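A.B. asks: structure for the following, please:
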Amino acid sequence: MEKINTLIIEATVNDELDVIDSDEVERIDQLRRKVRETLKKIRPGMQRPDSTQRRDGVTLPQVKIPVYEGRYETWRTFHDLFTKVIHENDQLSKAEKMQYLKTQVRGEAHRMIQHLHISEANYEVAWNMLKERYENPRMILFKLIDRMLLAQEVKESSARALKSLHDTFHECLEAIGGLGTDTEAWSPLIARISITKWDNETRRLYENHIGDSREIPTYKSTQTFLQRRFQTLELLESEKRQEKHGGSGKKTRMSCVICNGDHGVPYCREFQELN
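C.D. replies: The predicted structure follows:
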């Protein structure tokens, strides 16, 4: 900044001279160009805190904080991102942090702090109010368990429905583990809860798959089966759409995408047994 001030002063002094020859005018122009070049060099370090960051020559995308609506099970995600991007950002004043906080909450969470004006003093008050309400591991755990117990049952075989069920159980178990709870001993219980949500055809195929086995099923094994099941259905549904929109009325020789045999997938023994 001292260099810039010196250049500006020199240019200003010369501008105020009563008589300026052509050489002096050229010198002033050169000084002004130097000022602009120097400003360009220092501006990258003066960017707003929410601009795209650069690290080791790589442009990093701006982190988008999800809007928080007051659900216990999504608190940790919001808390961790907001803390990293806003709360611990030394370039922001507390009033600015308060503004960001009020724009990132909706519903019940917003109603809790809407009476607080945007000010330096109110930021810590608002942030602590939200933490006091939603930083509740017991409630978070119960909500995650309820989400699995109340997951919608799949009535008919559908790739989308089975995939959604698979992902719901996976997300909940991962989140529960993030609370520091060891879920290893829950494996057979979670497996059974998951199976009760399956459609009849999927359950029949599962029984064929395990055969005469009397081993206690594990959560991992049922998730693996469920994944193979919805992936197979995705293939079938894709194949059906292609046949429907094929364009020509000619019958084409059907080839199984599972074993390449001369039959359709529904008649494939490997598909039926899912082995």
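A.B. asks: buried residues, stretch 94-113. List them.
C.D. replies: For stretch 94-113, burial by neighbour count (16 or more other CB atoms under 10 Å) applies to 94, 96-98, 100-102, 104-105, 109-110, 112-113. (Each C-beta comes from the backbone N, C-alpha and C, glycine too.)
A.B. asks: if I look at the residue nearest the centre of the chain, how far off is residue 77?
C.D. replies: Centroid-nearest residue in the chain, with CA atoms, centre = their mean: residue 66, separated by 8.3 Å. Distance, residue 66 to residue 77, using CB to CB, to the nearest Å: 7 Å.
A.B. asks: ok, the closest residue to residue 223 other than its chain neighbours - contacts?
C.D. replies: The shortest distance from residue 223 to any non-neighbouring residue, by CB to CB, 6 or more residues apart in numbering, is to residue 166 (6.3 Å). By CB atoms under 8 Å, 6 or more residues apart in numbering, residue 166 lies in contact with 223, 226, 227, 230.
A.B. asks: could those residues be laid out in a markdown table, adding secondary structure, distance to residue 128 and pLDDT?
C.D. replies: A markdown table is the format used below for the contacts of residue 166 (DSSP: H, G, I helix; E, B strand; the rest coil; distance: CB to CB, whole Å; pLDDT from 0 to 100):
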| residue | secondary structure | distance to residue 128 | pLDDT |
| --- | --- | --- | --- |
| 223 | helix | 39 | 97 |
| 226 | helix | 42 | 97 |
| 227 | helix | 42 | 97 |
| 230 | helix | 44 | 96 |
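A.B. asks: most neighbours among these, which one?
C.D. replies: Neighbour counts for the contacts of residue 166 (other CB atoms under 10 Å) peak at residue 226, which has 23 neighbours.
A.B. asks: now name the helix or strand holding residue 190.
C.D. replies: Secondary structure from DSSP states H and E places residue 190 in helix 187-195.
A.B. asks: which SSE is immediately downstream of that helix?
C.D. replies: helix 200-210.
A.B. asks: which residues touch that next one?
C.D. replies: By CB under 8 Å, 6+ apart, helix 200-210 touches 154, 157, 162, 195, 198, 217, 222, 225-226, 229, 272-275.
A.B. asks: same check, this time on stretch 120-131
C.D. replies: So stretch 120-131 is contacted by 79, 87, 93-95, 97-98, 101-102, 105, 109, 112-113, 116 (CB under 8 Å, 6+ apart).
A.B. asks: ok, those residues vs residue 263, which is closest?
C.D. replies: residue 79 (54.1 Å; CB to CB).
A.B. asks: in this structure that closest one contacts residue 133, no?
C.D. replies: No: Residue 79 lies out of contact with residue 133 (CB atoms under 8 Å); the separation is 11.6 Å.
A.B. asks: can you give me the helices in the protein?
C.D. replies: Ranges of helices within the chain are 2-15, 22-42, 75-82, 94-103, 107-113, 120-134, 137-149, 159-178, 187-195, 200-210, 219-244, 269-273, based on DSSP state H.
A.B. asks: how's this structure carved up into domains?
C.D. replies: 2-46, 72-135, 139-246 (automatic domain parsing).
A.B. asks: pipe those domains into JSON lines and attach distance to residue 267 per row.
C.D. replies: Output for the domains of the chain, formatted as JSON lines (distance: least, CB to CB, whole Å):
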{"stretch": "domain 2-46", "distance to residue 267": "65"}
{"stretch": "domain 72-135", "distance to residue 267": "43"}
{"stretch": "domain 139-246", "distance to residue 267": "12"}
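A.B. asks: next one: stretch 219-228 to chain centre, how far?
C.D. replies: From the chain centre to the centre of stretch 219-228 is a distance of 24 Å (CA atoms, centre = their mean, to the nearest Å).
A.B. asks: returning to what we had before: what's the closest of the domains of the chain to residue 256?
C.D. replies: Per CB to CB, nearest to residue 256 of those: domain 139-246, 9.9 Å.
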